[in-house]
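Trainee: Have a look; sequence and predicted model below, questions after that.
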Amino acid sequence: MKEYIDWTIFLGMHHIDKKIRIRCKNFFVTRLNLSKNIYMSFENIGKCDDIIWTYDQKIQNFYYPFMDLLHSQAIMNRAPYSLEDFEIYQSEIHIHNLSLLDGLSVSMSKNNTLYTYSQDIIQLSLKNIKQPPEAQELFFPKELEELYQKSLSLVLNVKKY
């Protein structure tokens, strides 16, 4: 079974809520340690960039080195939508109230797992929709952890977006 994430999990590593931040960070640390594939749509990646680009260049300069190295070290599969994803979206009436991005994220992950903090998606109460579990904070390998700590000059509230 594939594990998909949306932008709320990726940017959740910089969430103002420490519990959410640690849960999202641990998600990536665990997958990195297990060399486990993570899937994310091109549009969710674009959503992350769209949000980061609203911040001052100085903050971006702390954030992007971490993000770049994480994308290089973790097995991040950038996934385009398929025709089947659009067909699922059209046929699943209960997801039409979601934003198109959220609806297609649900469609793309239908037979897999989707990790998210999107309250709109979570309220669907689907079995394949999950949030990272609560646990003690884990740490990235040394160089990545150092970059992560610097990147924490960016703190955001994912719920705002």
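Mentor: All right, it came through fine. Numbering: from 1, shown residues only.

Trainee: Any idea what the closest residue to residue 35 other than its chain neighbours is bridged to?
Mentor: Spatial nearest neighbour of residue 35, excluding adjacent residues (C-beta to C-beta, 6 or more residues apart in numbering): residue 75 at 6.3 Å. Quick note: C-beta positions are derived from backbone N, CA and C, even for glycine. Counting by DSSP bridges, residue 75 forms beta bridges with residue 37.

Trainee: how many neighbours does residue 75 have?
Mentor: Neighbours of residue 75 under the rule other C-beta atoms under 10 Å: 13.

Trainee: ok, it - contacts?
Mentor: Applying C-beta atoms under 8 Å, 6 or more residues apart in numbering, we find residue 75 in contact with 31, 35-38.

Trainee: measure it to residue 160 for me?
Mentor: Using C-beta to C-beta, to the nearest Å, residue 75 is found at 30 Å from residue 160.

Trainee: Just to check, residue 20 is in contact with residue 157?
Mentor: No: using C-beta atoms under 8 Å, residue 20 is not in contact with residue 157, being 9.5 Å away.

Trainee: rewinding a little: can you say which of the contacts of residue 75 are buried?
Mentor: For the contacts of residue 75, a burial check counting by 16 or more other C-beta atoms under 10 Å picks out 31, 38.

Trainee: Which members of the contacts of residue 75 are the farthest-apart pair?
Mentor: 35 and 38 (10.7 Å; C-beta to C-beta).

Trainee: And the helices in this protein, which stretches?
Mentor: Taking DSSP state H as the test, the helices found in the chain are 7-10, 18-34, 42-52, 57-73, 83-91, 100-108, 119-122, 142-151.

Trainee: quick one, which of those is nearest to residue 134?
Mentor: Among these, helix 18-34 comes nearest to residue 134, with 6.0 Å by C-beta to C-beta.

Trainee: What helices and strands are in contact with that closest one?
Mentor: Under the contact criterion of 3 or more C-beta pairs under 8 Å, 6 or more residues apart in numbering; DSSP states H and E, helix 18-34 touches helix 7-10, strand 37-41, helix 57-73.

Trainee: so which of those is the most packed in?
Mentor: Highest mean neighbour count of these: helix 7-10, a mean of 26 (counted as mean count of other C-beta atoms under 10 Å).

Trainee: helices or strands up against that helix?
Mentor: Helix 7-10 is packed against helix 18-34, helix 42-52, with contacts defined by 3+ C-beta pairs under 8 Å, 6+ apart.

Trainee: To what extent is the closest residue to residue 135 other than its chain neighbours buried, counted in neighbours?
Mentor: Nearest residue to residue 135, sequence neighbours excluded (C-beta to C-beta, 6+ apart): residue 26, at 5.5 Å. The number of residues packed near residue 26 is 19, by other C-beta under 10 Å.
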